[in-house]
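Enquirer: Return atomic coordinates for the entry below.
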Amino acid sequence: MKVLTVLLDSRPRYLNGSRGGASLLLAPLGRATMFRCVGDRLSSAGHARLTIATDFEPTPEYERRITDSGARVDAILPARDLAVRIAEYEPSDWLMIVDPRCFPSTWLARGVFAPENAGGLHPVRHLVALEAHPGGTTERFQLDANGTLRRIQRYYDSATWPFTSGVACSLLPVSCTMGGSDLPFASLRDLRRRLAERGIPSSDVSLDGGAFDLSQERELLRLTERVVLDHFSGRRPTDDGWLEVGKGCRIDPSARLVGPVVVQDGAVIGPGATVVGPAVIGAGARVERDAMVAQCVVGQGSVVEAGLTLRYRAVFGSDGEAAGPALLSEPPASPFVGSDVAAEASEPSSAVYPLLKAALDVTGAAVGLLLLSPLFLLTAILVKLGSRGPVFYRDLREGNGGRVFECLKFRTMVAGADWQQRELMDKNQVDGPQFKLPHDPRVTRLGRVLRLLSVDELPQLINVLRLEMSLVGPRPSPFRENQLCIPWRDARLSVRPGITGLWQVCRHHRYEGDFHQWIHFDLLYVRNMSFLVDLKILAATIMTLGGHWPVRPSWIVRSAKQ
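Expert: A predicted model of the protein is given here:
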C-alpha cells in the first residue's frame, strides 16, 4: 500500500497582482516559507515525498523556488492534471490532500490521518474547520410568511452552529476516484461535496482550536503574528533579543528594527527604514530608504519602495505593490483570547488557590459521601418505591470550558417531566432562562420534601469527586440556559460549576426569581473567588440550610454592595 501525498498551492486574491512566481506556499512564515514549514511537518508524520498541485500554471521560476526550498518534491503539476497521476496508483493505495489555505491553529497529531486508522464504513476522512464568529456567537432573524419578525435566535460556535469554513486535509482510497477525472481536486470543500454526491460515505473530523483562512490577507497576518510570537516566546525584548537575522542580510546602521522581527536570508533593510514587529521580511526582499513597514509580511524577493509606509499588509511583488485595500484600522482581536471576565478569573489572587480548591473539593466530597451514605441509601430506596422511574435524574450540563458532563440528582419529578415543561411554559413564574412553578404538578410528594431540605443535590458530590463540579461555584446549567448573556456565559464557564454558590446564599427573591441578580452574583464570584470566599459560602450554606434566607453579600465579598 502506498500513499500519494498532495500539497495544494494557490494564489489568493492578495497575490494575484504579484510577479516572480509568488504563491501561498512560497509566502514567508517565521524563519522559512509556508512550504518548508508544512513540508517538514508532513515529513515528520511519515509523508516525505510530496506532489504539489496548483490552481495556476506553474512557471519555471516557481518550480525553481520550490526546488530550492529543500523539501523533496516528486512532481509539480496543475490540479487539473492530478487525476492522470492518481490513475498510476493501485485501487488499494491512498490519497492524502493537504490544503494550507485552511491552516490549523494547532497541527494535527501524528497518526490521526494514517490510512491504517481509516477503515470501516467511512474510509474517507475530512479534517474540517468550523465557522467562527466574533465573540463566538451569531444571531439570525426568523420571519414568517408575511415577512414579520418572529424571533431572534442566537447560535454558538461549535455548539449550535455546525457549518464548516474550510477543509484542511482529506484522506481517501484511490478507488474513490474511479471514473472521477472531473473531480475538483483544487478545492477540498468542493471535493468533499462531490464525493458525497457520488454516494461515497465519509466522516468529518473537526479541528480543535480552529484554523486560519489563508485565502484572506488578514488571516495570513494573524498566522504570521502567532508564529513570530511563538518563535520569540521566552526571550527578553532587550538587546535585540526579539530580532532574528538570517545569513547574508544587509541592514543599514541607520535602520530601526523594533521586534519581534524575522529577517530571512539575503534581505536588505535600507538607510532610515523602519520595521515594526511582529513582522517577517522574506528572503531576498528589500525595504528601501526611509520606508516603513509595521506588522507586515514582505514576500520573497519583494520590494518596499523608498518612502512608502505600510501597516498590516502582505507585500508580494517586485515594485512594492500590496494587493487589496489598505488596512488602516487595528487588526481584529484574536479569537483565541477569552472575555475580560474570563481572563480575570484565570489569574486568581493566589497561585495555590486552584490546588487548594481541588483538594477541598475532593476531600469534602469523599467525606460527605462517607458520612451521608446512610441518608444517601435511604433516599435512593424511598425514591425508587415512591414513584415509577430511575433513582437518579441525569441531565447534561456545561462545565469548565463548556465541556459537557452528566449532572446527577435524586429524581424529584415523575418520569417524562422534561416533555411536560413545554406545555407548562406559559405558567412560568420566574424570569430569564429558568423555569419554576409554585405548585409544579410534575413534582412528587417525596420530591417536595427532598427539594425543601436540598437532599436532592447530594448525588452531585459524585460529580465533585470526578472534578466535573466544585463544592462552590456558579450553578450548573444546561446549554439552553447559558445563551441569554454572553459575558455571563463566558465567565461562569471559566470555572467549574458548584453545588452551592454566591447566588444561592445571597439572592433576595428565591421563589420569584431574578435573572439579573443571578448574573450579578455569578460575575461577582468569578471576579473575587478565593479560598476564603469559598469557605464563607460553605458556611453560609450550612447556616441558611441551603439558602432559605439570604446573607449579606458584603459579608462574603468585601467589594459587594449591600
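Enquirer: Can you tell me how far the closest residue to Ala417 other than its chain neighbours is from Ile86?
Expert: Leaving aside its chain neighbours, Ala417 sits nearest to Arg442 (4.1 Å; criterion: Cβ to Cβ, 6 or more residues apart in numbering). Backbone N, C-alpha and C define where each C-beta goes, glycine included. Here the criterion is Cβ to Cβ, to the nearest Å. By it, Arg442 lies 61 Å from Ile86.
Enquirer: Output the lowest mean pLDDT helix or strand found in the chain.
Expert: Across the helices and strands of the chain, mean pLDDT, DSSP states H and E gives its lowest value to helix 340-345, namely a mean of 44.
Enquirer: Following the chain onward from that one, which element is next?
Expert: Going down the chain from helix 340-345, the next helix or strand is helix 353-371, by DSSP states H and E.
Enquirer: roughly how far out does the helix or strand that that following helix is followed by sit from the chain middle?
Expert: Later in the chain than helix 353-371, the nearest helix or strand by DSSP H and E is helix 373-386. Mean C-alpha position of helix 373-386 versus that of the full chain (Cα atoms, centre = their mean, to the nearest Å) differs by 43 Å.
Enquirer: that older thread, tally up the residues packed near the residue nearest to Ala417, please.
Expert: 17 (other Cβ atoms under 10 Å).
Enquirer: Now the residue nearest the centre of the chain. Nearest residue, chain neighbours left out?
Expert: For the chain, Gly209 is the residue whose C-alpha lies nearest the centre (Cα atoms, centre = their mean; 3.5 Å). Nearest non-adjacent residue to Gly209, counting by Cβ to Cβ, 6+ apart: Ser105, 4.3 Å away.
Enquirer: so who does Ala53 touch?
Expert: If you count contacts by Cβ atoms under 8 Å, 6 or more residues apart in numbering, Ala53 has them with Val6, Leu7, Leu8, Asp9, Leu77, Pro78, Ala79, Asp81, Leu82, Ile97, Phe185, Ala186.
Enquirer: Mind putting the residues you listed into TSV with pLDDT?
Expert: Listed next are those as TSV, based on pLDDT from 0 to 100:
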residue	pLDDT
Val6	94
Leu7	94
Leu8	95
Asp9	94
Leu77	93
Pro78	94
Ala79	92
Asp81	91
Leu82	90
Ile97	94
Phe185	92
Ala186	92
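Enquirer: Tell me where the longest strand sits in the chain.
Expert: strand 164-173 (DSSP state E).
Enquirer: if you average pLDDT over it, what comes out?
Expert: Averaged across strand 164-173, the pLDDT comes to 90.
Enquirer: How is this structure divided into domains?
Expert: 3-213, 217-315, 340-556 (automatic domain parsing).
Enquirer: hey, which of the ones you listed is tucked in deepest?
Expert: Mean neighbour count (mean count of other Cβ atoms under 10 Å) peaks for domain 217-315 among these, with a mean of 19.
Enquirer: Distance from it to the middle of the chain?
Expert: Mean-position distance between domain 217-315 and its chain equals 29 Å (Cα atoms, centre = their mean).
Enquirer: ok, now stretch 452-464?
Expert: Between the centre of stretch 452-464 and the centre of its host chain there is 33 Å, according to Cα atoms, centre = their mean.
Enquirer: element containing the closest residue to Val404 other than its chain neighbours?
Expert: Once flanking residues are discounted, Val404 sits nearest to Leu396: 5.2 Å by Cβ to Cβ, 6+ apart. Applying DSSP H and E as the criterion places Leu396 in strand 392-398.
Enquirer: Tell me which residue of the protein is furthest from the middle?
Expert: Computed with Cα atoms, centre = their mean, the residue of the chain farthest from its C-alpha average is Leu385, at 46.2 Å.
Enquirer: did I read that right, Thr5 in a strand?
Expert: Yes: assessed by DSSP: H, G, I helix; E, B strand; the rest coil, Thr5 belongs to a strand.
Enquirer: show me the residues around the nearest residue to it once chain neighbours are set aside that make contact.
Expert: When the adjacent residues along the chain are set aside, Thr5 lies closest to His47, with 4.2 Å between them (Cβ to Cβ, 6+ apart). His47 makes contact with Val3, Thr5, Met96, according to Cβ under 8 Å, 6+ apart.
Enquirer: did I read that right, His47 in a strand?
Expert: No: counting by three-state DSSP, His47 is not part of a strand but coil.
Enquirer: Can you check the pLDDT for it?
Expert: Predicted confidence (pLDDT) for His47: 82.
Enquirer: And it, its phi and psi?
Expert: phi -110, psi 80 (degrees, to the nearest 10).
Enquirer: gap between it and Val38?
Expert: In terms of Cβ to Cβ, His47 sits 10 Å off from Val38.
Enquirer: ok so, going back, where does the residue nearest to the centre of the chain sit: helix, strand or coil?
Expert: With three-state DSSP as the basis, Gly209 sits in coil.
Enquirer: Show me what Val304 bridges to in the sheet.
Expert: Val287 (DSSP bridges).
Enquirer: So it sits against Arg289, correct?
Expert: No: if you go by Cβ atoms under 8 Å, Val304 and Arg289 don't touch, sitting 10.2 Å apart.
Enquirer: Need the overlap of contacts for these two.
Expert: With Cβ under 8 Å, 6+ apart as the test, Val304 and Arg289 both reach Ala273.
Enquirer: host element of the residue nearest to Asn482 when sequence neighbours are not counted?
Expert: In this structure, Asn482 finds its nearest non-sequential neighbour in Arg489, 4.4 Å apart by Cβ to Cβ, 6+ apart. Taking DSSP H and E as the criterion, Arg489 maps to helix 486-492.
Enquirer: Downstream of that helix, the next helix or strand is which one?
Expert: Note on helix 486-492: by DSSP H and E, the next helix or strand toward the C-terminus is strand 498-500.
Enquirer: hmm, back to that, what comes into contact with the longest strand of the chain?
Expert: Here strand 164-173 has contacts from 91-99, 101-104, 108, 113, 115, 118, 123-132, 188-189, 191-192, 195, 200, 202, 204, 207, 211, 213, using Cβ under 8 Å, 6+ apart.
Enquirer: If you count contacts, what does whichever helix or strand comes after that strand end up packed against?
Expert: Counting by DSSP H and E, the next helix or strand C-terminal to strand 164-173 is helix 188-197. Packing partners of helix 188-197 (3 or more Cβ pairs under 8 Å, 6 or more residues apart in numbering; DSSP states H and E): strand 124-130, strand 164-173, strand 202-206.
Enquirer: Same list, those, but as a markdown table with distance to Ser254 please.
Expert: A markdown table is the format used below for the helices and strands packed on helix 188-197 (distance: least, Cβ to Cβ, whole Å):
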| stretch | distance to Ser254 |
| --- | --- |
| strand 124-130 | 44 |
| strand 164-173 | 44 |
| strand 202-206 | 50 |
